[in-house]
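[1] Dropping the sequence and predicted coords here.
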Amino acid sequence: MTAATIDAAWLPVILVAPIVGSFLGVLIRRLPAGEPVVLARSRCESCGHALTAWELVPLWSYLVQRGRCRRCGAAIAPFHIMIELAAIAVALWAMLGPDSADVLWADCALGWTLLALAWIDWQHMRLPDALTLPLLLAGLAATALIEPEELTDHALGAALGWACLRGVGAAYQRLRGYRGLGEGDAKLLAAGGAWLGWQALPSVLLLAALGGLSYAVVQRLRGDTVGWTSRIAFGPWLALGIWLMRLYGDDWLAV
């Protein structure tokens, strides 16, 4: 993306990014708990004070209130500003990537959803259907609008992505007697195939495997016990693989 293109496209994306980050924070907190996402009002986690519109302005409210509730003075979890900053970082990353401005919003939508999924899986070891399945459909819809001639490859990618990890998971469970991969991982790879096409799946899996293995090695070096039965969230690494392949394709080794 050229400097001139960035100048024309960056402002709306940067303005929207923290708002999206605030909404992602709601998704990350409420979806795993089975709580309503849209209808329930945001409240202070300490005193239950219903937050006003001014107390919900992304970034600004946290900074003005110095990270504390205006009613009871309790500290606001830094998670809220962290997810808003992370959403901005995703938007900046997409802007500075090699894709054209025509697909910037699609890239951001993918990146923001992957961010939420990775965060939820990291904390709760699950990938909600409420995010993976719409992401899959959005990938096919974006392909139909932007690259209709690639729709067959992307639909095949969704099918193969799901079948690949479902097959691996079933084989692992049969051999070892317990589940090694969840259905959410298969659905996330299917969504990746919908966005990228079947040709990208081997690279996505390679990146995810390298990320998961690197994390396990770091944990061992820190003194944590990591073995065959250890539970490691695979979703964040799948999300990273999908994101890198979306932005850089097979040039990800140069990133």
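    That came through, no problem. Because the structure is a prediction, the values reported are computed rather than measured. Numbering: from 1, shown residues only.
[2] From here on, just use CA atoms for contacts and neighbour counts.
    OK.
[3] which secondary structure element contains A159?
    helix 151-176 (DSSP states H and E).
[4] Any buried residues in that helix, and which?
    151-163, 165-166, 169-170 (16 or more other CA atoms under 10 Å).
[5] before we move on, what about stretch 116-134?
    Here stretch 116-134 shows 116-122, 125-128, 131-133 as buried, counting by 16+ other CA under 10 Å.
[6] one step back: any idea how far the helix holding A159 is from the chain center?
    Put simply, helix 151-176 sits 20 Å off its chain's centre (CA atoms, centre = their mean, to the nearest Å).
[7] helices or strands up against that helix?
    With contacts defined as 3 or more CA pairs under 8 Å, 6 or more residues apart in numbering; DSSP states H and E, the packing partners of helix 151-176 are helix 129-146, helix 183-196.
[8] Now do the buried residues in the helix or strand following the last one.
    Read that as helix 183-196. Using DSSP H and E, the helix or strand that directly follows helix 183-196 along the chain is helix 201-221. For helix 201-221, a neighbour-count test (16+ other CA under 10 Å) marks L201, S203, V204, L205, L207, A208, A209, G211, G212, A216 as buried.
[9] returning to what we had before: determine which stretch of the helices and strands packed on helix 151-176 is the most buried.
    Ranked by mean neighbour count, the helices and strands packed on helix 151-176 are led by helix 183-196 with a mean of 28 (mean count of other CA atoms under 10 Å).
[10] May I have the phi/psi pair for D99?
    phi -70, psi 160 (degrees, to the nearest 10).
[11] Start and end of stretch 222-232, how far apart?
    Terminal residues of stretch 222-232 lie 15 Å apart, using CA to CA, to the nearest Å.
[12] So for the buried residues of helix 201-221, which is the shakiest by pLDDT?
    Checking pLDDT across the buried residues of helix 201-221, the minimum falls on A216 at 78.
[13] for the helices and strands packed on helix 151-176, which one sits closest to A17?
    Closest approach to A17 among the helices and strands packed on helix 151-176 (CA to CA): helix 129-146, 18.0 Å.
[14] Show residues contacting that closest one.
    103, 106, 110, 113, 117, 150-151, 154-155, 158, 184, 187-188, 190-192, 194-195 (CA atoms under 8 Å, 6 or more residues apart in numbering).
[15] sorry, back to before: got CSV for the helices and strands packed on helix 151-176, with distance to I28 too?
    Shown next, in CSV, are these (distance: least, CA to CA, whole Å):
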stretch, distance to I28
helix 129-146, 11
helix 183-196, 15
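[16] Now for the residue nearest to F79 when sequence neighbours are not counted: which residues touch it?
    Leaving aside its chain neighbours, F79 sits nearest to G25 (7.8 Å; criterion: CA to CA, 6 or more residues apart in numbering). Going by CA under 8 Å, 6+ apart, G25 touches F79, H80, I83, E84, A116.
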